[in-house]
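Engineer: Could you work out the structure for the sequence below:
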Amino acid sequence: MGKEYLHGKLVAVGKGELAHLEQGEQGTCGDNLKWWITEYGELYVVGGGKMENFEPGTAPWLEYQDQIRSIQIGEGVTVVGAYAFSGMKVSSVTIAGTVERIKSYAFSNCTIATPLKL
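Structural biologist: I've put the predicted structure just below:
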């Protein structure tokens, strides 16, 4: 993965190296995965490897779900954890081609306005 831009701002350089200067809430969600919410309501999950599994309602970004409009699961992510986005309402979800597995209930009761982009 080369440089990635979002609304004209650099958000990533290389595999999971963040360079976005105007991040909102952020944290980790796996040994080598990081998440953040942009000022535009876009939830990004980037890095390499597996996302951890969650119990219903415990994914760290769910606290901010009213602010999140879209979900972007980036290159390098291989597994989406259980209950990760359960119950969310978003306009779009994009899942990178490196994702090999989506665990149980990862998108259960999730409302997505447009078809998933794989």
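Engineer: hey, where'd the strands end up in this protein?
Structural biologist: 3-6, 9-13, 17-18, 23-30, 33-38, 42-47, 49-50, 70-73, 77-80, 89-90, 92-95, 101-102, 111-112 (DSSP state E).
Engineer: Nearest to residue 58, out of these?
Structural biologist: strand 23-30 (11.0 Å; CB to CB). Backbone N, C-alpha and C define where each C-beta goes, glycine included.
Engineer: Neighbouring strands - and their directions - for that closest one?
Structural biologist: strand 33-38 (antiparallel) (DSSP bridges).
Engineer: give the contact list for residue 30.
Structural biologist: 47, 49-52, 81 (CB atoms under 8 Å, 6 or more residues apart in numbering).
Engineer: typo on my end, residue 111
Structural biologist: 88-90 are the contacts of residue 111 under CB under 8 Å, 6+ apart.
Engineer: residue ranges with poor pLDDT in the chain?
Structural biologist: Scanning the chain for pLDDT under 70 picks out the ranges 1-23, 118.
Engineer: If we use 50, what do you get?
Structural biologist: Counting by pLDDT under 50, the chain has low-confidence residues at 1-3, 7-10, 12-22.
Engineer: hang on, residue 48 packs against residue 33?
Structural biologist: Yes - taking contacts as CB atoms under 8 Å, residue 48 lies within contact range of residue 33: 7.4 Å.
Engineer: Which of those two has more residues huddled nearby?
Structural biologist: residue 33 (24 against 16; other CB atoms under 10 Å).
Engineer: For residue 71, see how far away the nearest residue to the more buried one once chain neighbours are set aside is.
Structural biologist: Spatially, and ignoring its direct neighbours in sequence, residue 33 is nearest to residue 47 (4.0 Å; CB to CB, 6 or more residues apart in numbering). Separation of residue 47 from residue 71 (CB to CB, to the nearest Å) stands at 15 Å.
Engineer: Now a PyMOL select for only the buried ones of the contacts of residue 30.
Structural biologist: What follows is the PyMOL syntax selecting those of the contacts of residue 30 that are buried according to 16 or more other CB atoms under 10 Å:
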select buried, resi 47+50+51+52+81
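Engineer: circling back: redo the contacts of residue 111 as TSV? Include neighbour count and distance to residue 40.
Structural biologist: Shown next, in TSV, are the contacts of residue 111 (neighbours: other CB atoms under 10 Å; distance: CB to CB, whole Å):
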residue	neighbour count	distance to residue 40
88	20	16
89	13	16
90	19	12
